[in-house]
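1. Pasting a predicted model and its sequence here:
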Amino acid sequence: MEHNQHEVIAKWERRWLSASGLMSLSFVIFIAISLALEGTHIAQTTSRTTPDKLSSHALFANPGVTALGPGKFQVAAMAQMFNFIPAEIRLPVGAEVDFYLTSRDVLHGFQLENTNVNVEAIPGEISHFKYTFDKPGEYRISCNEYCGISHQNMVGKVVILSSAEFAQDAANRQADALTLAQSGNAGEAVFNANCASCHQATGLGLAAVFPPLVGHLPSVYNADGGRDYLVDTVLYGMQGQIKVDGASYNSVMPAWAQLSDDDLAAALNYALTAWGNDALLSNFTEYSPEEIAAKRGQSRTAADNYELRQSLGLE
Ligand code: CUA
């Protein structure tokens, strides 16, 4: 009886062992096939940096598209809670692109729809990968690593244009930039490109996730010390639980020090005066780029700004 039981167990053990052996073998075969036939490759870490150095980094101080030669481009992209910088990458069809990718805060994903590009954005590391865009159209970028409360809203896109459209696009953008600068709407452009993914283009924020700026920003500005606090917030971020109109918010505003002094001043002036906010301000004078420049280079943190916010008597 005992001998018999032992044999039965040994028989099943052999079966399970060969089954798991076969499984491991098939995994290795799948990986080999994807490497050999599907063009799968592993993104390389080219160098290391730290998120606080990105604003002066050769690649990431001015993220976006750089032409390297005919049909060759370099794209420096950053991921952060909860958007990609730049949010939209425009390139001509046939573009051979060297991508450099990093994260400004936590681990994010960079998955490019309908391509084999699926790379992790890792804080402190710069990943390099190549891709050639043979077909015109829009390719969605999505974050496929859970990174926080608004992870599912973290998207961007690559737009591939015909060569003629791309040339026209470049001309249009130059003209637009000029018009915006002349009409004084530069702040709206900066706001929509950087701030609207959380606070929304309406300034109303997202319920329970991102606080509204409508009505709220003037009350911060009007508080004693509020004007300076807003500059600190855009330069160094803010993190902690706050209350606006009785509703609680507990998310992270990243630092925006990678934007220029002109852009930050323009975005603040825009958000403070848009959506009827201007009527709620007392003694408003526009921010100047010099005012932003004067507050750079400190070792402030998002947590310091939370304390500062509380000391202003704001909830
Ligand atoms: Cu970033 Cu999920």
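-> Good, I have the coordinates. Note that the structure is predicted; figures quoted are calculated from it, not measured.
2. how about the residues of the chain that lie near the ligand?
-> 79, 82, 108, 143, 145-147, 151, 154 (C-beta under 6 Å from any ligand atom). From N, CA and C alone the C-beta is placed, and that goes for glycine too.
3. Can you select the buried ones from these in ChimeraX?
-> A single ChimeraX command selects the buried members of those (16 or more other C-beta atoms under 10 Å):
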select :79,82,108,143,145,147,151,154
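4. Which of the residues of the chain next to the ligand fall in helices?
-> Among those, the subset assigned to helices under DSSP state H is empty.
5. May I see the residues of the chain next to the ligand organised as JSON lines, with pLDDT added?
-> Shown next, in JSON lines, are those (pLDDT from 0 to 100):
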{"residue": "Ala79", "pLDDT": "93"}
{"residue": "Phe82", "pLDDT": "88"}
{"residue": "His108", "pLDDT": "95"}
{"residue": "Cys143", "pLDDT": "95"}
{"residue": "Glu145", "pLDDT": "93"}
{"residue": "Tyr146", "pLDDT": "94"}
{"residue": "Cys147", "pLDDT": "92"}
{"residue": "His151", "pLDDT": "91"}
{"residue": "Met154", "pLDDT": "90"}
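6. Mind putting the residues of the chain next to the ligand into JSON lines with distance to Gly297?
-> Formatted as JSON lines, the residues of the chain next to the ligand follow (distance: C-beta to C-beta, whole Å):
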{"residue": "Ala79", "distance to Gly297": "25"}
{"residue": "Phe82", "distance to Gly297": "27"}
{"residue": "His108", "distance to Gly297": "27"}
{"residue": "Cys143", "distance to Gly297": "31"}
{"residue": "Glu145", "distance to Gly297": "32"}
{"residue": "Tyr146", "distance to Gly297": "34"}
{"residue": "Cys147", "distance to Gly297": "28"}
{"residue": "His151", "distance to Gly297": "32"}
{"residue": "Met154", "distance to Gly297": "30"}
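7. Looking at the residues of the chain next to the ligand, which two lie furthest apart in space?
-> Ala79 and Tyr146 (13.0 Å; C-beta to C-beta).
8. Each with direction, which strands does the helix or strand harbouring Val158 pair with?
-> Taking DSSP states H and E as the definition, Val158 sits inside strand 155-161. Sheet pairing of strand 155-161 (DSSP bridges) gives strand 88-92 (parallel), strand 137-142 (antiparallel).
9. Dump the first one to CSV, keeping only the CA atoms.
-> What that stands for is strand 88-92. C-alpha atoms of strand 88-92 as CSV (Å, rounded to 0.1, in the frame of the first residue of the first chain):
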residue,chain,number,x,y,z
GLU,A,88,2.1,66.4,-29.3
ILE,A,89,5.0,65.4,-31.5
ARG,A,90,4.7,66.4,-35.2
LEU,A,91,7.0,64.8,-37.8
PRO,A,92,7.0,64.2,-41.6
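10. how about the strands of the stretch 101-250 of the chain, start to end?
-> For the stretch 101-250 of the chain, applying DSSP state E, counting those that start in this stretch gives strands covering 108-112, 118-121, 125-132, 137-142, 155-161, 238-239, 242-244, 247-249.
11. now what about the fifth one, what contacts it?
-> Pointing back at strand 155-161 there. The contact list for strand 155-161 (C-beta atoms under 8 Å, 6 or more residues apart in numbering) reads 83-84, 86-93, 95, 112, 133, 135-143, 169.
12. before we move on, what about the longest one?
-> Strand 125-132 is touched from outside by 41, 43-49, 59, 94-102, 112, 115, 117, 119-121, with contacts defined as C-beta under 8 Å, 6+ apart.
13. in stretch 59-71, what's buried?
-> 59-60, 63, 65.
14. how about that stretch as PDB, C-alpha atoms only?
-> The C-alpha coordinates for stretch 59-71 follow below in PDB (Å, rounded to 0.1, in the frame of the first residue of the first chain):
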ATOM      1  CA  LEU A  59      18.400  67.200 -24.200                       C
ATOM      2  CA  PHE A  60      15.600  68.000 -21.900                       C
ATOM      3  CA  ALA A  61      15.900  71.700 -21.200                       C
ATOM      4  CA  ASN A  62      14.000  72.200 -24.500                       C
ATOM      5  CA  PRO A  63      12.100  69.000 -25.000                       C
ATOM      6  CA  GLY A  64      10.700  68.300 -28.500                       C
ATOM      7  CA  VAL A  65      11.700  67.700 -32.000                       C
ATOM      8  CA  THR A  66      15.200  68.600 -33.400                       C
ATOM      9  CA  ALA A  67      16.000  68.000 -37.100                       C
ATOM     10  CA  LEU A  68      19.400  66.200 -37.400                       C
ATOM     11  CA  GLY A  69      19.600  66.000 -41.200                       C
ATOM     12  CA  PRO A  70      17.400  65.100 -44.200                       C
ATOM     13  CA  GLY A  71      14.600  62.800 -42.900                       C
END
